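Enquirer: Give me the fold of what follows.
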Amino acid sequence: MQPKLKKSMFWIVLAGLVNIIFVLLGTLRVISDAAVIIIVGVFSFFSMLALSSYFSEKESMMQGELRKAIATSLIMVYFTILAMAVVEPGVSVLSLSAAAEDESVSPKIFLLKDFSALIAVVVGFYFGGRSAEEIIKTWKGKEQGTDNDEGLG
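Expert: This is a model prediction of the structure:
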């Protein structure tokens, strides 16, 4: 295995383990749920930012690296909230949507419902933005190709 790949896999596994440890500390009520969510989000953001800048081998941060870090941290926070909501007594994955309509259920379920919509938007824009960039590049390439053909003819 290449040294760079080996080093990056080490940091990815370490980041995952740190996030799992904090989720476990939250479920055991050692630290508050809010602290778990904040720690997981911030740690995921900076670890992904460090990993992506390590792979880019450039001095300055690029917009794509920030996009990756933001998307990763939001998705990690989403999975953390999902895990903490499922650990809630009397709640299962199958009953999350029904529990969200019940007003006697924990605020974590309501947070999960709203955060699910946010994650759908973020993931949609993340992949949709990439697709839009590629489509625009293709259109610009075709326009430049037709302009050159008209100039030569």
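
Enquirer: Out of the helices and strands in this protein, which is least certain?
Expert: Least confident helix or strand of the chain, by mean pLDDT, DSSP states H and E, is helix 96-101 with a mean of 57.

Enquirer: Show me what the next helix or strand after it is packed up against.
Expert: Following helix 96-101 in sequence order, the next helix or strand is helix 107-152 (DSSP states H and E). Contacts defined by 3 or more Cβ pairs under 8 Å, 6 or more residues apart in numbering; DSSP states H and E place helix 107-152 against helix 63-87, helix 96-101. C-beta here means a position set from N, CA and C on the backbone, and glycine is covered the same way.

Enquirer: Let's see that with 10 Å instead.
Expert: Using 3 or more Cβ pairs under 10 Å, 6 or more residues apart in numbering; DSSP states H and E as the contact test, the elements touching helix 107-152 are helix 33-56, helix 63-87, helix 96-101.

Enquirer: Lowest mean pLDDT across these, which one is that?
Expert: If those are sorted by mean pLDDT, helix 96-101 sits at the bottom with a mean of 57.

Enquirer: can you list the helices and strands packed on helix 107-152 in CSV and add distance to W11 and mean neighbour count?
Expert: Listed next are the helices and strands packed on helix 107-152 as CSV, based on distance: least, Cβ to Cβ, whole Å; neighbours: other Cβ atoms under 10 Å:
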stretch, distance to W11, mean neighbour count
helix 33-56, 6, 17
helix 63-87, 13, 18
helix 96-101, 32, 15
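
Enquirer: Same list, those, but as a markdown table with distance to F115 please.
Expert: Output for the helices and strands packed on helix 107-152, formatted as a markdown table (distance: least, Cβ to Cβ, whole Å):
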| stretch | distance to F115 |
| --- | --- |
| helix 33-56 | 10 |
| helix 63-87 | 6 |
| helix 96-101 | 11 |
